[in-house]
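Undergrad: Following is a predicted model, sequence given first.
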Amino acid sequence: MADLARAITTPINVDFMSISSYGDGTNSGVVRILKDLDESITGHDVILVEDIIDTGLTLTYLLATLSARRPASLEVCGLLDKSVRRIVEVPIRYKGFDIPDEFVIGYGLDHEGRYRNLRAVLGVRDMAALRDPDLVARALESAGA
């Protein structure tokens, strides 16, 4: 989000929501708003920025929720698009990269609170290896990442 905000040359306001649809680590299909916006979006042009767009279910819920608040416009920007897993089509106006159906970490994306600080997005083949941060660090070092 910080890199995106720095690239926008017009005046902007940034607000954050925290939502969850993963209760126990699996997608439960139930979306909860854990932290709502602090400011009203009524009458404003809004770009909803997502890290990963996956099935489209959570994003569909979020778009309906935000549309009900009557913004002047509402567009979606996604860094990563896992379209292979799409269940519900969603309108993505601004898209960074298509990715395969693979778990990813880094560049703000985490696994159990770790690895957000990696400078790149990395695909994970061995989920068990993520339990050992030292092993991940050695793998990154040997890969020159």
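TA: Alright, I've got the coordinates.
Undergrad: So residue 73 is in contact with residue 41, correct?
TA: No - look at residue 73 against residue 41 with C-beta atoms under 8 Å: they stay out of range, at 10.1 Å. Every residue, glycine included, has its C-beta placed from N, CA and C.
Undergrad: higher neighbour count, those two?
TA: The residue with more neighbours, out of residue 73 and residue 41 and counting by other C-beta atoms under 10 Å, is residue 41; that gives 18 against 9.
Undergrad: Can you give the domain ranges for the chain?
TA: 1-101, 102-145 (automatic domain parsing).
Undergrad: residue contacts, residue 31?
TA: Counting by C-beta atoms under 8 Å, 6 or more residues apart in numbering, residue 31 makes contact with 19, 20, 21, 57, 58, 61, 62.
Undergrad: repeat that with 7 Å
TA: Applying C-beta atoms under 7 Å, 6 or more residues apart in numbering, one finds that residue 31 lies in contact with 19, 21, 58, 61.
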